[in-house]
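Novice: next comes the sequence, and after it the predicted model I'd like to discuss.
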Amino acid sequence: QVQLVESGGGLVQAGGSLGLSCAASGSIFSTFAMGWYRQAPGKQRELVARISSGGSTYYADSVKGRFTISRDNAKNTVYLQMNSLKPEDTAVYYCAAQRYGLVAYWGQGTQVTVSS
């Protein structure tokens, strides 16, 4: 069992920055790909960024060039640095541990609100 706990959400003005963290329990963190998803009101949950166990990254087109995903396996933590935030980035952001392309574990989510 892996538990994921996100932190770092909040309210920021458009153009600002926020950093999210996701701390994972367990000693097998390094074997999982990790992803950040988000869900805005009335919309489906979408993948924002993903980092493989080997460090390869993927970004949704909507955040490419503005968001950066990284991981520290020694700390069992994955990060999402969000710059140049836009009101449309407002959502609940979820951390996820993935294996074989499927989400195995979800975090509880953290709210990010970007005001215009």
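Specialist: Right, received. Where do you want to start?

Novice: from Cys22, how far out is Asp72?
Specialist: 11 Å (C-beta to C-beta, to the nearest Å). Backbone N, C-alpha and C define where each C-beta goes, glycine included.

Novice: cool, and Val48?
Specialist: Distance from Val48 to Cys22, by C-beta to C-beta: 12 Å.

Novice: common neighbours of the two, please.
Specialist: Jointly contacting Val48 and Cys22 under the rule C-beta atoms under 8 Å, 6 or more residues apart in numbering are 36, 80.

Novice: so who does Tyr59 touch?
Specialist: 48-49, 67, 69.

Novice: nope, Thr77 is what I was after
Specialist: 21-24, 71.

Novice: centroid residue for the chain?
Specialist: The centre of the chain sits closest to Trp36, judged by C-alpha atoms, centre = their mean, with a distance of 2.6 Å.

Novice: and the residue lying closest to Ala104 once chain neighbours are set aside, helix, strand or coil?
Specialist: Spatially, and ignoring its direct neighbours in sequence, Ala104 is nearest to Ala97 (5.3 Å; C-beta to C-beta, 6 or more residues apart in numbering). At Ala97 the chain is in strand, as set by DSSP: H, G, I helix; E, B strand; the rest coil.

Novice: re earlier: quick one: buried ones out of the contacts of Tyr59?
Specialist: By neighbour count, with 16 or more other C-beta atoms under 10 Å, the contacts of Tyr59 hold 48-49, 67, 69 as buried.
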